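>>> Output the structure for:
(chains A and B)
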Amino acid sequence: MPDKYFYESGILKALYTDRKEMHSISLNNYLTLGLKKHQIKLFSFRLILFVALSCWCIGFLIGSIFPGSAYSIIALPFLKKFYGIICHQRIEKSFFYNGHYFMVCARCTGIYTGALITSFISLFTLHKLSESIKILSIAAIPMIIDVISTTTGIYSYNKFLALLTGIFFGSAVFAYILAAIENNFVDNSL
Amino acid sequence: MNQNKLLPSLVCGFGAAVLTTVPGIKNFACCLIVPTAAVISINLDHKINRSEFPIKAGQAILFGVMTGVFAALFSTFFDLLTTYLTRTNDFIEALPQTEDFIKQYKLDSLLSETMIIFKQMSKDINSYGFSLFYAFAMLVSNLCIDVIFGMIGGITGMSFFNKRKTKI
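Numbering: from 1, shown residues only, chains lettered A, B, ... in the order given. Next up, the predicted model:
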């Protein structure tokens, strides 16, 4: 048996071991590269979301961030109308800074700030998120209680409470949506 | 997308546009109206067309976008109708205040041109109740916001219904 002879004499054995090692090395490399590629993809996606959310937040804060800019003042009526689509913009429920009211109410400010904070944190924790309706429901409870209490007159509207409950809810909503997108799009595209 | 597929988005988009026009409801729902409409449109589609689970991501996004587009079209129409009937709107009412602010600064040619457009728009609305520039600006901003929020609603709805179905 020449094969057995070669194997036992060490020639084929050496060749076989080399191939096995080469195979395992290339598999490891492939996995590492694949993982890196996946993480780069996740990071890029989350970075895009973070930039988009930052632009969105700068948009409703523009009057307060750049109070002396004529460009920001001329953009104010348009932006007010733009953000008016998604918020009631009642000034008694909005924050005031640098001579301008924010273009969304305190609760909406909280929701978008919460989403921005979570999107920033998500850039540094690139692990897979799970879509948990339970967490989303728990995060919504303080906000719902606050809305019901202020509407029924149990206690009067407090901007900081609205902001806080909004941040809590916004963080959970962002995490949920991010998980849903990543689990259905980013993962499938690999 | 056939007619039956468009119907849930059309109905929910119309509903969302009506609700965004009612001032009292906006105080409670804020930015949740259009996403909720997108979620309901996915549910309606499954009831009407008996589509199979799990809902595909692309399909959910499409429902969200379509609901957003319909909501934007209808809310622009309602806004233009209100402007036509009243010959004014909050944009026009805020214009003198903007002008007062602007007077404090030295304007370059671009800003001066913008102010001229604003004034023309205000004049058109006061005299005819309609301004093409205002209609275009409203349509674009409504489309941007409603499509984004519709997509968010579509994704949330897909995730919610798929999870509920797997639990059952």
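>>> Name the nearest residue to the residue nearest to the spatial centre of chain A, ignoring sequence neighbours.
Geometric centre of chain A, nearest residue: A:Ser119, 3.2 Å, by CA atoms, centre = their mean. Once flanking residues are discounted, A:Ser119 sits nearest to A:Phe50: 4.4 Å by CB to CB, 6 or more residues apart in numbering or on different chains. Where C-beta positions appear, they are placed from N, C-alpha and C, glycine not excepted.
>>> moving C-terminal of whichever strand or helix holds the one you found, what's the next helix or strand?
Taking DSSP states H and E as the definition, A:Phe50 sits inside helix A:11-65. Using DSSP H and E, the next helix or strand after helix A:11-65 towards the C-terminus is helix A:70-84.
>>> by contact count, what packs against that following helix?
helix A:11-65, helix B:90-103, helix B:109-128, helix B:132-167 (3 or more CB pairs under 8 Å, 6 or more residues apart in numbering or on different chains; DSSP states H and E).
>>> Give the residue spans of the chain that score low on pLDDT.
Going with chain A. A:1-35, A:186-190 (pLDDT under 70).
>>> My question was about chain B, not that one.
Short version for chain B, where the test is pLDDT under 70: B:1-3, B:26-30, B:101-108, B:110, B:166-168.
>>> got the contact list for the closest residue in space to B:Ala57 that isn't next to it in sequence?
Leaving aside its sequence neighbours, B:Ala57 sits nearest to A:Asn184 (CB to CB, 6+ apart; 4.0 Å). Taking CB atoms under 8 Å, 6 or more residues apart in numbering or on different chains, we find A:Asn184 in contact with B:Ala57, B:Ile155, B:Met158, B:Ser159.
>>> now these in CSV, with neighbour count?
Below are the contacts of A:Asn184 laid out as CSV (neighbours: other CB atoms under 10 Å in any protein chain shown):
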residue, neighbour count
B:Ala57, 19
B:Ile155, 26
B:Met158, 26
B:Ser159, 24
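>>> Do I have it right that B:Val39 meets B:Ile152?
No: with contact defined as CB atoms under 8 Å, B:Val39 and B:Ile152 do not form a contacting pair (9.8 Å).
>>> Looking at these two, which is more packed in?
B:Val39 (26 against 22; other CB atoms under 10 Å in any protein chain shown).
>>> How far does the host helix or strand of that one sit from its chain's centre?
Using DSSP H and E, B:Val39 sits in helix B:33-49. On the basis of CA atoms, centre = their mean, to the nearest Å, helix B:33-49 sits 16 Å off its chain's mean C-alpha point.
>>> which residues touch it?
Taking CB under 8 Å, 6+ apart as the rule, helix B:33-49 contacts A:86, B:4-5, B:7-9, B:11-13, B:15-16, B:19-20, B:25-26, B:29, B:51, B:53, B:55, B:60, B:63-64, B:66-68, B:71, B:145-146, B:149-154, B:156-158, B:160-161.
>>> What residues sit buried inside it?
Across helix B:33-49, burial judged by 16 or more other CB atoms under 10 Å in any protein chain shown covers B:33-46.
>>> before we move on, what about stretch A:93-111?
Using 16+ other CB under 10 Å as the test for burial, stretch A:93-111 gives A:93-95, A:100-111.
>>> Out of the residues you listed, which comes closest to A:Phe82?
Nearest to A:Phe82 among the buried residues of stretch A:93-111, counting by CB to CB, is A:Met103 at 8.0 Å.
>>> How many neighbouring residues does residue 133 have?
Since you didn't name a chain, this refers to chain A. A:Ile133 has 14 nearby residues by other CB under 10 Å.
>>> wrong one, I was asking about chain B
Neighbourhood size, B:Phe133 [other CB under 10 Å]: 13.
>>> That one: what's it in contact with?
With CB under 8 Å, 6+ apart, B:Phe133 has these contacts: B:Ile117, B:Gln120, B:Met121, B:Asp124.
>>> cool, and B:Arg87?
B:Ile125, B:Asn126, B:Ser127, B:Gly129.
>>> By neighbours, which of the residues you listed wins?
Highest count within those by other CB under 10 Å belongs to B:Ile125, 22 neighbours.
>>> Confirm for me that it is in contact with B:Tyr134.
Yes: counting by CB under 8 Å, B:Ile125 touches B:Tyr134, with 6.5 Å between them.
>>> Mind listing the shared neighbours of those two?
Taking CB under 8 Å, 6+ apart as the criterion, B:Ile125 and B:Tyr134 both touch B:Thr83, B:Asn89.
>>> Can you pull the residues of chain A lying near chain B?
Counting by CB under 8 Å from any CB of the partner chain, the positions of chain A adjacent to chain B are A:68, A:70-71, A:73-74, A:76-78, A:80-82, A:84-88, A:90, A:105, A:107-108, A:111, A:131, A:133, A:147, A:151, A:176-177, A:179-181, A:184-185, A:188.
>>> Give the buried subset of those as a PyMOL selection command.
Selection command for PyMOL covering only the buried members of the residues of chain A next to chain B, criterion 16+ other CB under 10 Å:
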select buried, chain A and resi 70+73+74+76+77+80+81+82+84+85+86+87+88+105+107+108+111+131+147+176+177+179+180+181+184
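>>> can you give me the offset of stretch B:80-99 from its chain's centre?
18 Å.
>>> Alright, I will stop here.
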